[in-house]
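Participant: model this:
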Amino acid sequence: MLFGCLLGCIGFVAACGTPADPAHPLSASDTPVASVTGDTTGTPGGQVAPIQVIVSQTTVTTYPGGQMHMTISTSPYAVCTFLVTYGRSRPSSNMGVVPHTADAHGMVSWTWKVDGDAHTGAWPLTITAVLANGAKAGTQVMVRVTFPPVNVVSAQSVLRAAPRAMMQLTIATAPSVGCVLLLNYGAGKPVKRLGGHSDVGGIVSWSWRVDNSAVAGTYPLTVTVTLADGQTGSTQIHMVVI
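Facilitator: Down below sits the predicted model:
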């Protein structure tokens, strides 16, 4: 009788023991890039591991024509795809938006080019992982498309010159977009408009001769960039007549 009671107490203690906390992998919901509505389907024992975004290896903010990169973890050898529209009526099929199979550790990475006609804003990107048995998991992250920067390429720009001398401005912005440069030499002077188009690397240059009658001083140059969807943005740079 005493032996039976002892065994019962040991069993009770073992049942009430607290297991160690499992390791907490970084998941999409741990970060601001994810907002996520995930789902997992399949047969018992054959389900897909939840999709987790590896934030340290993910960059999902850029401008039209720029590159994004994303790494996820899920079940080994799951076939993984994603879909994103950037606010348009059709999904992207641009370079890099292709299915990948997870490696033996369940890791998948993509690097892709954002469509040139993508709209600026925050847009959902839907990820799906499927096993050979048909089990499937899905989740969403938010990607952000921004207006492109306009950066002066100093090594290729000359913005200080005397009348009759040449000036040059080279900028780096989004690839393959329309660009316009407006310049004048003060109130009452005519405005000059120089058109241009950035190349596939996002570079565009203008050269012009400083007016013979220009008075020494600092004058604004206005650069306007027009995206493929018609959105425009402007920035000012300055030239100096000596």
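
Participant: so what's the backbone phi/psi at the residue sitting nearest the centre point of the chain?
Facilitator: The centroid of the chain falls nearest to T61 when counting by Cα atoms, centre = their mean (2.8 Å). T61 adopts backbone torsions of phi -130, psi 120, taken as degrees, to the nearest 10.

Participant: do the same with S154
Facilitator: Backbone torsions for S154, taken as degrees, to the nearest 10, come to phi -60, psi -40.

Participant: how many residues are close by it?
Facilitator: Number of residues near S154 (other Cβ atoms under 10 Å) recorded here: 9. All C-beta atoms are positioned from the backbone trio N, CA, C, and that covers glycine.

Participant: quick check, pLDDT for it.
Facilitator: pLDDT for S154: 97.

Participant: then A20?
Facilitator: pLDDT, read off for A20, is 32.

Participant: quick one: low-confidence ranges for this protein?
Facilitator: 1-45 (pLDDT under 70).

Participant: so P91 sits against F82, correct?
Facilitator: No. Under the criterion of Cβ atoms under 8 Å, P91 makes no contact with F82, lying 9.4 Å away.

Participant: so between the two, which is more surrounded?
Facilitator: Applying other Cβ under 10 Å to P91 and F82 shows that F82 carries more neighbours, namely 26 against 14.

Participant: pretty sure the more buried one sits against L125.
Facilitator: Yes. Using Cβ under 8 Å, F82 and L125 qualify as a contacting pair, with a distance of 5.6 Å.

Participant: shared neighbours of these two, anything?
Facilitator: M70 (Cβ atoms under 8 Å, 6 or more residues apart in numbering).

Participant: quick one: terminal-to-terminal distance for stretch 79-98?
Facilitator: The stretch stretch 79-98 measures 11 Å between its terminal residues, going by Cα to Cα, to the nearest Å.
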